[in-house]
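Participant: build the 3D model from these lines:
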Amino acid sequence: MVNRIYLVILILVFSAGCSINPVTGQQDFVLMSEQEELALGRQHSRQVMKTYRLYDNPALQQYIQSVGDRVARVSHRQSLIYRFTLLDSPQVNAFALPGGYIYITRGLLAYLNSEAELAAVLGHELGHVTARHSVRQHSLSTATHLIGGLIAAASGVQGAGQLSNILGTSIVRGYGREHELEADGLGADYLRKAGYSAAAMRSVIAVLKNQELFDKKLAAEQGREPMAYHGVFSTHPDNDTRLQQVLGHVGPVVNSSGTQKQDIFFLKKIEGLTFGDSEKDGIIRGRRFYHPELNFKLDFPSDWLISNKPDSITAITPNNDAFMQLRLEDLNKKITPREFLEKRLGLKERLSEAPFKLGELSGYQAITTGKTPYGQGRVRVVVLFDGLRAFIFYAAAKQPDKFVRVDRQVLESIKSFSSLDDKDRRVAKALKIKLVKVDRHHRSIKMLAKNSPITHHVGDQLRLLNNLFPNREPKLGDLIKIVR
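Facilitator: Numbering: from 1, shown residues only. Down below sits the predicted model:
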């Protein structure tokens with residue numbers, strides 16, 4: 001009986017939501033009009049800009065828009081107004097919202113080596129928009145939730161709605177690879193029609209796969225999950241049969257060890273691009289963190305791995321058995337640091353507590369029991385008041401018997417907190433992409449890595465920047481990207 005109800009509802013819902021796909025000309029299941037799609041894009045674009053910010057370089061923004069426009073003019077949905085935006089983020093990423101909002105981070109831009117590769121990234125994201133991938137996924141997710149609720153109501157079977165939610169999630173995730181492959185194929189077609197080499201699509205996918213391989217290496221060292229942008233290949237793209245079928249008409253990629261001519265125009269366009277941390281978010285130099293805009297510096301324990309995020313800065317031990325985190329919150333009420341811990345942070349039960357004084361800054365410290373990245377355990381909490389701001393430190397250890405040793409390191413680190421002087425401000429400058437010509441003085445990655453400000457895996461990162469990963473060397477006479 002439940003199966004028949006399910007089938008009837010399925011037929012009714014899916015037959016009511018058919019629309020012609022702009023790319024294939026075939027019917028797709030969607031529950032959203034184009035006007036609703038555009039409204040959804042406008043809504044989410046505002047949310048994106050609350051999380052990110054524009055990269056402050058109008059000329060580079062205009063260049064990216066012009067490359068995107070060139071590709072968009074040959075796409076399947078030429079009536080849309082496309083907005084291509086460079087985000088000030090070190091993440092290696094690009095993404096698209098419904099209705100033509102397309103974003104690329106400076107973190108990804110730094111690893112591209114030609115305008116054709118940039119066009120390939122934008123073309124791939126255009127493919128998601130023109131094929132209405134987000135709309136189709138949104139519609140399918142909405143339908144499965146609706147079906148689950150109707151089945152539960154009609155059958156009286158408890159948990160049917162939850163089962164359909166799981167089914168819907170599975171279907172949507174299953175579409176992920178097909179949608180990515182379709183976007184790759186569409187992007188390659190748009191590249192060719194726009195006058196670029198369609199081989200750049202395969203080249204970009206290889207660049208992203210190399211990023212994924214490098215991040216797996218880092219993740220293993222840091223005890224975390226690896227990140228990936230393309231995220232659909234378990235093997236190298238050259239060995240992915242399905243991808244090769246999609247890009248079967250695309251010629252082979254000629255890498256820097258072959259005869260491909262460098263795109264000097266593009267390389268000079270991105271010279272000066274910020275690499276890694278931005279001064280607006282704070283700068284990491286060795287074990288010290290500087291934040292010029294907030295006017296403070298902090299030394300983390302030696303050898304701890306520091307991660308700078310938009311809302312916090314975190315450091316973990318190399319084997320991920322201890323962590324500390326710093327967050328900043330505004331003060332909105334005239335309360336003491338002790339009251340802040342109790343009322344604002346909700347620390348009602350404390351194993352120990354005491355005032356914490358650092359120079360002219362007043363604060364309070366406590367040890368409590370709470371949730372940590374390792375489960376329930378002891379947590380060190382320190383709050384420091386600086387004007388109308390509260391700096392909040394958290395720390396914990398994976399093993400209970402290591403807590404005391406870690407706590408001593410954390411307190412020593414917190415005591416290094418101070419304002420910046422003139423020397424600090426000279427040091428706390430963002431790193432930039434620079435171009436150098438490969439000559440006898442700079443003829444290998446090892447030589448180029450000397451005196452580099454990059455703090456870890458310098459050779460790997462320089463090779464990634466110049467499409468030489470994992471072990472190739474630059475050619476004499478080529479321009480190569482370094483970081484200064």
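Participant: Leu38 is in what secondary structure piece?
Facilitator: Leu38 is part of helix 34-51 when elements are defined by DSSP states H and E.
Participant: what stretches of this structure score poorly on pLDDT?
Facilitator: 1-31, 135-177, 223, 228-246, 249-260 (pLDDT under 70).
Participant: which non-adjacent residue is nearest Ala39?
Facilitator: Sequence neighbours aside, Gly99 is the residue nearest to Ala39 in space, at 7.8 Å (criterion: CB to CB, 6 or more residues apart in numbering). C-betas here are computed from N, CA, C, even on glycine.
Participant: so the residue nearest the centre of the chain, which of the three states?
Facilitator: The residue lying closest to the centre of the chain (CA atoms, centre = their mean) is Gln91, at 4.0 Å. Following DSSP: H, G, I helix; E, B strand; the rest coil, we place Gln91 in the coil state.
Participant: wait, Leu273 touches Lys432, no?
Facilitator: Yes. Under the criterion of CB atoms under 8 Å, Leu273 makes contact with Lys432 at 6.7 Å.
Participant: okay, these two: which has more neighbours?
Facilitator: Each of Leu273 and Lys432 has its neighbours counted (other CB atoms under 10 Å); Leu273 has more, 20 against 14.
Participant: ok, now which ones touch the more buried one?
Facilitator: By CB atoms under 8 Å, 6 or more residues apart in numbering, Leu273 lies in contact with 60, 106, 109-110, 432-433.
Participant: and Glu342, by the same measure?
Facilitator: Glu342 makes contacts with Lys348, as judged by CB under 8 Å, 6+ apart.
Participant: again, 10 Å this time
Facilitator: 335-336, 348, 350, 353, 364, 366 (CB atoms under 10 Å, 6 or more residues apart in numbering).
Participant: give me the buried entries from those.
Facilitator: Among those, those classed as buried by 16 or more other CB atoms under 10 Å are 350, 353, 364, 366.
Participant: in the sheet, who's paired with the last one?
Facilitator: When you say that, I think you mean Ala366. Ala366 forms beta bridges with Glu353, Val381, as assigned by DSSP bridges.
Participant: about what we covered before: shared neighbours, Leu273 and Lys432?
Facilitator: Contacts common to Leu273 and Lys432, judged by CB under 10 Å, 6+ apart, are absent.
Participant: where along the stretch 251-400 of the chain do the strands fall?
Facilitator: 274-275, 283-285, 288-291, 296-299, 305-309, 312-316, 322-330, 352-358, 361-372, 375-386, 389-397 (DSSP state E, counting those that start in this stretch).
Participant: any chance of these in JSON lines, with distance to Ser418 too?
Facilitator: Compiled in JSON lines, those are given as follows (distance: least, CB to CB, whole Å):
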{"stretch": "strand 274-275", "distance to Ser418": "26"}
{"stretch": "strand 283-285", "distance to Ser418": "15"}
{"stretch": "strand 288-291", "distance to Ser418": "11"}
{"stretch": "strand 296-299", "distance to Ser418": "6"}
{"stretch": "strand 305-309", "distance to Ser418": "17"}
{"stretch": "strand 312-316", "distance to Ser418": "16"}
{"stretch": "strand 322-330", "distance to Ser418": "14"}
{"stretch": "strand 352-358", "distance to Ser418": "8"}
{"stretch": "strand 361-372", "distance to Ser418": "9"}
{"stretch": "strand 375-386", "distance to Ser418": "11"}
{"stretch": "strand 389-397", "distance to Ser418": "12"}
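Participant: among these, which is nearest Arg132?
Facilitator: For Arg132, the closest of those is strand 305-309, at 32.3 Å, according to CB to CB.
Participant: Arg327 touches Leu384, doesn't it?
Facilitator: No. In this structure Arg327 lies outside contact range of Leu384 using CB atoms under 10 Å: 11.5 Å.
Participant: more neighbours, these two?
Facilitator: A count of neighbours by other CB under 10 Å puts Leu384 above the other of Arg327 and Leu384, at 23 against 15.
Participant: now for that one: which residues touch it?
Facilitator: With CB under 10 Å, 6+ apart, Leu384 has these contacts: 296, 326, 337, 356-359, 361-365, 390-393, 414, 417.
Participant: same thing with Lys434?
Facilitator: Residues near Lys434 by CB under 10 Å, 6+ apart: 271-273, 275, 480-484.
Participant: okay if I get these as a markdown table plus distance to Gln35?
Facilitator: Output for the contacts of Lys434, formatted as a markdown table (distance: CB to CB, whole Å):
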| residue | distance to Gln35 |
| --- | --- |
| Glu271 | 42 |
| Gly272 | 41 |
| Leu273 | 37 |
| Phe275 | 41 |
| Ile480 | 49 |
| Lys481 | 44 |
| Ile482 | 49 |
| Val483 | 46 |
| Arg484 | 49 |
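Participant: ok, of those residues, which come out buried?
Facilitator: The buried subset of these - by 16+ other CB under 10 Å - is 273, 275, 480-483.
Participant: so which of the residues you listed sit within helices?
Facilitator: Residues of the buried ones among the contacts of Lys434 located in helices (DSSP state H): none.
Participant: out of the residues you listed, who's nearest Gly248?
Facilitator: Among the buried ones among the contacts of Lys434, and counting by CB to CB, the member closest to Gly248 is Lys481, at 31.8 Å.
Participant: hang on, the earlier thing: closest one to Tyr55 out of the contacts of Lys434, please.
Facilitator: Once CB to CB is applied, the member of the contacts of Lys434 that ends up nearest Tyr55 is Leu273, at 8.3 Å.
Participant: and the residue nearest to the closest one when sequence neighbours are not counted, which of the three is it?
Facilitator: Leaving aside its sequence neighbours, Leu273 sits nearest to Ile433 (CB to CB, 6+ apart; 4.5 Å). Each residue gets one of three states, and Ile433 gets strand by three-state DSSP.
Participant: now Asp184
Facilitator: For Asp184, the assignment made with three-state DSSP gives helix.
Participant: same check on the one 3 residues further on?
Facilitator: Here Gly187 is helix, with the state taken from three-state DSSP.
Participant: returning to what we had before: so can I have a markdown table of the buried ones among the contacts of Lys434 showing distance to Glu34?
Facilitator: Formatted as a markdown table, these follow (distance: CB to CB, whole Å):
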| residue | distance to Glu34 |
| --- | --- |
| Leu273 | 36 |
| Phe275 | 39 |
| Ile480 | 46 |
| Lys481 | 41 |
| Ile482 | 46 |
| Val483 | 44 |
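Participant: coming back round to it: residues touching the residue nearest to Ala39, list them.
Facilitator: Residues near Gly99 by CB under 10 Å, 6+ apart: 34-45, 77, 80-83, 129, 132, 134-135.
Participant: tell me the one of the buried ones among the contacts of Lys434 nearest Lys398?
Facilitator: For the buried ones among the contacts of Lys434, the nearest to Lys398 is Phe275 (32.7 Å; CB to CB).
Participant: let me see the contact set for that closest one.
Facilitator: Per CB under 10 Å, 6+ apart, neighbours of Phe275: 90, 106-107, 110, 430-434, 453-454, 461, 465, 481-484.
Participant: apply 8 Å and report the result again.
Facilitator: Neighbour list for Phe275: 90, 110, 430-433, 483 [criterion: CB under 8 Å, 6+ apart].
Participant: buried set for the helix or strand harbouring Arg426?
Facilitator: Arg426 is located in helix 422-427, with elements delineated by DSSP H and E. Judged by neighbour count (16+ other CB under 10 Å), helix 422-427 contains these buried residues: Asp424.
Participant: Gln211: which of the buried ones among the contacts of Glu342 is nearest?
Facilitator: Using CB to CB, Ala366 comes nearest to Gln211 of the buried ones among the contacts of Glu342, at 41.3 Å.
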